[in-house]
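Asker: Here's a sequence, model it:
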Amino acid sequence: MAEIVIVPDAAAAGILVADEIAALIRRTPTAVLGLATGSTPLPVYEALPSRLADVDVSQVRGFALDEYVGIDPAHPESYRSVIAREVVEPLGLDPARIRVPDGSLEGIEHAGDDYEAAIEAAGGVDLQILGIGTDGHIGFNEPGSSFASQTRVKTLTAQTRQDNARFFDSIDDVPMHCITQGLGTILQARHLVLLAFGEGKAAAVASAVEGPVTASLPGSAIQLHPHVTVVVDEAAASRLAHAEYYRYTFANKPDWQGL
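Answerer: Model (predicted):
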């Protein structure tokens, strides 16, 4: 079972996960981070700079979860731009060590294989940050995605495009396709940290961690991983059947175990 950590709010979650990432980088200066985008991981990225102020991050590597297909890399909502703006620059990471899937139309046929090869060459991802969509998707692995899937091009559902329209001038500007790490790729990371905040994510969280493992809810794939930490606020935890058990086990967890 995944470890479920219920915190008061998103800021508390950000501090908790940022502390874990900072400890990882101190132990392993060449750590490989899996970087999610969107609003969910922002509290983590905002809490990290103060925790890494005295840490050499010059060797840290990172791989973004996904990218829109056909978007101009310079567009402010391309994930290349988002990662640069929200992660690379504030943390002082080496841009050359941070990879984002290539969503350009030229070469898109082999872009997924190229990305898989790059992750393998880096030695795999040490800690993968994840969010979860209202329909249970992680990365851009929409319902029906294979648990064995690797980085590939996917068609975004109408719901996901609607959810992401807030980042664009209109839903018509949201790309129809993306290139995303697959569920199989995500499950190869050594530690998965899934974040979710707000009542709108409560049903997806409960289904992902307490429901059946099913491709109809891609987030449930985390149940197949040996080291998963799910960090949620009170609202996102509101539909968990065993919330009190999760509170008890985390409160009594040995400090040396970390997340």
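Asker: Pull out the buried residues from the helix or strand bottoming out on mean pLDDT in the chain.
Answerer: Of all helical and strand segments in the chain, the minimum by mean pLDDT, DSSP states H and E falls on helix 158-164, at a mean of 84. Using 16 or more other Cβ atoms under 10 Å as the test for burial, helix 158-164 gives 160-161, 163-164. From N, CA and C alone the C-beta is placed, and that goes for glycine too.
Asker: What of stretch 141-160?
Answerer: 141-143, 145, 147, 149-154, 156-157, 160.
Asker: how far does it sit from the chain's center?
Answerer: 15 Å (Cα atoms, centre = their mean, to the nearest Å).
Asker: So what would you say the end-to-end distance of it is?
Answerer: Using Cα to Cα, to the nearest Å, the end-to-end distance of stretch 141-160 comes to 10 Å.
Asker: Go ahead and name everything in contact with that stretch.
Answerer: 69, 101, 108, 111-113, 115-116, 133-137, 140, 164, 174-187, 215-218, 221, 224 (Cβ atoms under 8 Å, 6 or more residues apart in numbering).
Asker: please redo it, this time with the cut-off set to 6 Å
Answerer: Residues from elsewhere that reach stretch 141-160, judged by Cβ atoms under 6 Å, 6 or more residues apart in numbering: 112, 115-116, 135, 140, 177-185, 215-216, 218, 221.
Asker: Which of these fall in strands?
Answerer: Those of the contacts of stretch 141-160 mapping onto strands are 177-180, per DSSP state E.
Asker: Out of those, the closest to Val228 would be?
Answerer: Set against Val228, the nearest of those by Cβ to Cβ is Thr180 (19.0 Å).
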